[in-house]
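# Sequence first, predicted coordinates after that:
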Amino acid sequence: MFTEFYYYLKNFGVPVSFNEWQDLMEALDQGMAGSSLTGFYYLCRALLVKTEAHYDRFDLAFASYFQDIEAVEGLPEKIWEWLNREVPPLEVTEAMRRNHQQLDIEEMKRMLAERLAEQTEQHHGGNRWVGTGGTSPFGHSGYHPGGIRIGGDTRSLYAVKVAGMRRFQEFRTDETLGVRQFQLALRKLRQFTTRLDGAREELDLEGTIDQTCQNAGRLELKWARPRVNSMKVMLLMDAGGSMWPYTRLCNQLFTAVHKSSHFKDLKVFYFHNCIYDWLYNDPSCSQRDYTDTEYILRTCDSNYRVIIVGDASMGYAELMRPGGIIDWDLDNDRAGIEWLRRLRQHFEYSVWLNPIPARYWDRMEGAFTIGAIRTVFPMEELTVEGLERSIRKLKSRSRAGEESKLVY
Amino acid sequence: MATKMAQYKGSAQYIVSDELRNSVNIAIALGKPLLIKGEPGTGKTMLAQSIAEALDKQLIIWNIKSTTKAQEGLYVYDTVQRLYDSQFQDHDVSNIKQYIKHGKLGEAFRSHDQVVLLIDEIDKADLEFPNDLLWELDQMSYYIPETKETITARTRPIVIITSNAEKELPDAFLRRCIFHYIAFPEPDEMERIIRVHHPNLDKRLLEQAMETFYMLRNLNNIQKKPSTSELIDWLQALVVGGISPSKIKQDMPFLGVLLKKNEDLDLLLNGLQAKTQNRSKPRSSMWGR
């Protein structure tokens, strides 16, 4: 029953497990949906969705699954007349619900056509003919999970309306939220030294008390190895003019990274459009205050997790040609892409966060350079979900350009 | 098969939405823990109290702190006490049972009647904490190796768990819960909530205050949105201060009760200034923290 809905939810990205589905079936057996689609909606949501971030996906899935199909082509005028009658509300029992198997839409359209051919009179109530009330899959004001509604007011479909309102849209994590959500995502970026290596230098108080008591009062000290976060992070941010629209977003990420005090080391550098021989120490990209990229490559070990934030959109020459740098008074011997490749080669744990939504990457002005950079760094969009995905990538060595292969 | 379970219908002191009431009843009927999330001040903790009151059951509260271990909720074997006792020899230390101290969860399991167990702010604890309770919450029983005893719940307690989303809870744990997110109350619902706390409030005062409150909440860029409990405190302050309703929107007295962050206060003042002088705010520095 409703098995298709289960896969529907999965397709919409709601992670439903079989156990939860079983619970739902049990709850339905106990009649907890209150014989209404609205009750069913809340029951499903309470049992199947475990974070408000997925409420919106659930709403979408629900709305599209239980969506009423407004018009069936070639419906005789007479049928509309029959359907325009009002009927008293229908009590739906468990048994009735169980009797209804899920029909697919093609099948149903076919059956509807057949029945229209057979049916010659008005029909209200009952479970087969097209009419109002009853439990036939065709008609309105009746009840059939996933039937075709033909005209009439939505009654059971109230839930679909509720779902259609998408009240929980703002909780989607693939929308940008704020500093706190970024912080939460960053918290996942930690790597504790194991309790297996290092010196035992921390007094294990509980172990000591335990052991002493086991020894009936003869003191025995226990030592443990401390666990510390060994994660080192380097943040490289584009401070170029094209980043202005994303100031607030980048600001939030920046604040979140700074507030996350659990990193062993945090380095922040800035660049203008692309990375060349030097990285600036402050966002104004003043040419007096910089660090050589070469120096960073030499002194920072490859355990640094490198997060690059930039729109990756620039002129062709800026990325691909020596001397292509955007600043008039500067010159670069190596092309930007070469520097990026060197960085990537050294820092295996690195990721590029792009504030431009991923759906525009192929269509923007900077599509070429975005594509080229994606062959070097794994790229994610700068949203909470994107950050979470990149953090997973930062935990293990991941290959760039898995999604896009670009030949140039 | 449906045995008639106790149905929660809300209580006089606590306004409950239909959705939430549904979720509570589903959790009670299925005997599963109910996980409640929501903005601070939406009455997550109050819910358990209300359920206990409405169903006339004892409420056991287990407050979770960052140092709380799952084991503490079950039982603690007080070895130190036993050691002391053995030195003074005025107790029979061979009876280990008397050194087993049951925790809140143990207390709930051992109770004769069904109780309401509130596990408050589960996200405060260590990441592994919820995982350590999986079996116990699923089976409602645990084993004490020291005394070779198994404690099983006589009646499954109604378990309410609250979370402020400071940490992501493990999937395995979530699968075993009923989940409900308390959305922030709409104005008319808010009015009913306030009526519970301030039954004799002047209508105009309430109107003006609510308008200001929702205006503040809808400000962009605000870091800590004022919550229900802050609105209730603010109304109290307005009443005690004898502020006339017509002044509320203009002067916004006692604003500190609603906005707790300097940045938010600045933001509001800047916004008001910009509005009165009719010019846009200068762009703030790009990387300012």
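That came through fine.

# rest of the way, CA atoms for contacts and neighbours
OK.

# Please enumerate the strands of the stretch 1-150 of chain B.
Per DSSP state E, counting those that start in this stretch, the stretch 1-150 of chain B has strands spanning B:34-38, B:58-63, B:75-77, B:100-102, B:115-120, B:141-144, B:149-152. These are given in chain order.

# got these as CSV, with mean pLDDT and mean neighbour count columns?
As requested, the strands of the stretch 1-150 of chain B are exported to CSV (pLDDT from 0 to 100; neighbours: other C-alpha atoms under 10 Å in any protein chain shown):
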stretch, mean pLDDT, mean neighbour count
strand B:34-38, 90, 24
strand B:58-63, 93, 18
strand B:75-77, 89, 17
strand B:100-102, 90, 17
strand B:115-120, 93, 24
strand B:141-144, 89, 17
strand B:149-152, 88, 13
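
# TSV for those, including distance to chain A?
Compiled in TSV, the strands of the stretch 1-150 of chain B are given as follows (distance: least, C-alpha to the nearest C-alpha, whole Å):
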stretch	distance to chain A
strand B:34-38	8
strand B:58-63	22
strand B:75-77	10
strand B:100-102	15
strand B:115-120	17
strand B:141-144	17
strand B:149-152	20
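
# Can you mark which positions in stretch B:77-91 are buried?
Neighbour-count burial for stretch B:77-91 flags B:77, B:79, B:80, B:82, B:83, B:84, B:86 (criterion: 16 or more other C-alpha atoms under 10 Å in any protein chain shown).

# Could you dump the strands of the stretch 1-150 of chain B into TSV with distance to residue A:326 added?
Compiled in TSV, those are given as follows (distance: least, C-alpha to C-alpha, whole Å):
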stretch	distance to residue A:326
strand B:34-38	48
strand B:58-63	58
strand B:75-77	67
strand B:100-102	70
strand B:115-120	56
strand B:141-144	68
strand B:149-152	72
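
# could I have stretch B:248-263 exported to CSV, CA atoms only?
The C-alpha coordinates for stretch B:248-263 follow below in CSV (Å, rounded to 0.1, in the frame of the first residue of the first chain):
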residue,chain,number,x,y,z
ILE,B,248,5.1,51.5,21.8
LYS,B,249,5.7,51.6,18.1
GLN,B,250,7.4,55.0,18.2
ASP,B,251,9.7,54.7,21.1
MET,B,252,10.1,50.9,21.5
PRO,B,253,10.8,51.1,25.2
PHE,B,254,12.7,48.4,27.0
LEU,B,255,14.1,47.1,23.7
GLY,B,256,16.9,45.3,25.6
VAL,B,257,14.3,42.7,26.7
LEU,B,258,13.7,41.7,23.1
LEU,B,259,17.1,42.2,21.4
LYS,B,260,20.0,40.7,23.3
LYS,B,261,22.8,41.5,20.9
ASN,B,262,24.5,44.8,20.3
GLU,B,263,24.7,44.2,16.6
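
# hmm, back to that, can you tell me which of the strands of the stretch 1-150 of chain B is nearest to residue B:215?
Closest approach to residue B:215 among these (C-alpha to C-alpha): strand B:34-38, 20.2 Å.

# chain center to the closest one, what's the gap?
8 Å (C-alpha atoms, centre = their mean, to the nearest Å).

# And it, what does it pack against?
Of the remaining helices and strands, those touching strand B:34-38 by 3 or more C-alpha pairs under 8 Å, 6 or more residues apart in numbering or on different chains; DSSP states H and E are helix B:18-30, helix B:44-55, strand B:158-163, strand B:178-182.

# Could I get the CA-only coordinates of the first one as PDB?
What it means is helix B:18-30. Included here for helix B:18-30 are C-alpha records, laid out as PDB according to Å, rounded to 0.1, in the frame of the first residue of the first chain:
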ATOM      1  CA  ASP B  18      -3.200  20.500  16.100                       C
ATOM      2  CA  GLU B  19      -0.100  19.200  14.400                       C
ATOM      3  CA  LEU B  20       1.800  19.000  17.700                       C
ATOM      4  CA  ARG B  21      -1.000  17.300  19.500                       C
ATOM      5  CA  ASN B  22      -1.200  14.800  16.700                       C
ATOM      6  CA  SER B  23       2.500  14.000  16.900                       C
ATOM      7  CA  VAL B  24       2.200  13.600  20.700                       C
ATOM      8  CA  ASN B  25      -0.600  11.100  20.300                       C
ATOM      9  CA  ILE B  26       1.200   9.200  17.600                       C
ATOM     10  CA  ALA B  27       4.200   8.900  19.900                       C
ATOM     11  CA  ILE B  28       2.100   7.700  22.800                       C
ATOM     12  CA  ALA B  29       0.300   5.200  20.700                       C
ATOM     13  CA  LEU B  30       3.400   3.800  19.100                       C
END
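
# Surely residue A:226 is in a helix?
No. Assigned with DSSP: H, G, I helix; E, B strand; the rest coil, residue A:226 falls outside any helix and is coil.

# related to what we said a few turns ago, between the helices and strands packed on strand B:34-38, which one is closest to chain A.
strand B:178-182 (5.1 Å; C-alpha to the nearest C-alpha).

# relative orientation of the closest one and strand B:34-38 in degrees?
Orientation note: strand B:178-182 sits at an angle of 20 degrees relative to strand B:34-38 (axes from the mean of the first three to the mean of the last three C-alpha atoms, to 10 degrees).

# C-alpha coordinates for strand B:178-182, PDB please?
The C-alpha trace of strand B:178-182 is given here as PDB (Å, rounded to 0.1, in the frame of the first residue of the first chain):
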ATOM      1  CA  ILE B 178       8.800  10.500  16.100                       C
ATOM      2  CA  PHE B 179       9.900  14.000  15.000                       C
ATOM      3  CA  HIS B 180       8.200  17.300  15.300                       C
ATOM      4  CA  TYR B 181       9.400  20.700  14.500                       C
ATOM      5  CA  ILE B 182       7.600  23.500  16.400                       C
END
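
# Need the residues that contact the helix or strand just after that strand.
Secondary structure here is assigned by DSSP states H and E; on that basis, the next helix or strand after strand B:178-182 toward the C-terminus is helix B:187-197. The list of residues contacting helix B:187-197 from outside it, by C-alpha atoms under 8 Å, 6 or more residues apart in numbering or on different chains, reads B:12, B:13, B:14, B:15, B:201, B:210, B:228, B:232.

# if we go to 6 Å?
Applying C-alpha atoms under 6 Å, 6 or more residues apart in numbering or on different chains, the external contacts of helix B:187-197 come out as residue B:15.

# if I pick the closest residue to residue A:290 other than its chain neighbours, what's in contact with it?
Nearest non-adjacent residue to residue A:290, counting by C-alpha to C-alpha, 6 or more residues apart in numbering or on different chains: residue A:280, 4.2 Å away. Residue A:280 makes contact with A:269, A:270, A:290, according to C-alpha under 6 Å, 6+ apart.

# need the helices and strands packed on strand B:34-38 in JSON lines with mean neighbour count, distance to chain A and mean pLDDT, can you?
What follows is these, written out as JSON lines (neighbours: other C-alpha atoms under 10 Å in any protein chain shown; distance: least, C-alpha to the nearest C-alpha, whole Å; pLDDT from 0 to 100):
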{"stretch": "helix B:18-30", "mean neighbour count": "20", "distance to chain A": "6", "mean pLDDT": "88"}
{"stretch": "helix B:44-55", "mean neighbour count": "20", "distance to chain A": "15", "mean pLDDT": "89"}
{"stretch": "strand B:158-163", "mean neighbour count": "24", "distance to chain A": "11", "mean pLDDT": "92"}
{"stretch": "strand B:178-182", "mean neighbour count": "24", "distance to chain A": "5", "mean pLDDT": "90"}
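
# do you know which of those lies nearest residue A:229?
Nearest of the helices and strands packed on strand B:34-38 to residue A:229, taken as C-alpha to C-alpha: strand B:158-163 at 25.2 Å.

# What residues of the helix or strand just after that closest one count as buried?
Note on strand B:158-163: by DSSP H and E, the next helix or strand toward the C-terminus is helix B:171-175. Neighbour-count burial for helix B:171-175, counted by 16+ other C-alpha under 10 Å, picks out B:173, B:174, B:175.

# in chain B, which segments are predicted with low confidence?
Residues of chain B meeting the criterion pLDDT under 70: B:1-6, B:166-167, B:220-221, B:223, B:274-289.

# Where do the strands of chain A begin and end?
Remark: strands of chain A, listed N- to C-terminal, are A:131-132, A:138-140, A:148-149, A:202-203, A:223-224, A:232-238, A:265-271, A:278-280, A:290-292, A:305-309, A:350-354, A:379-381; assignment by DSSP state E.
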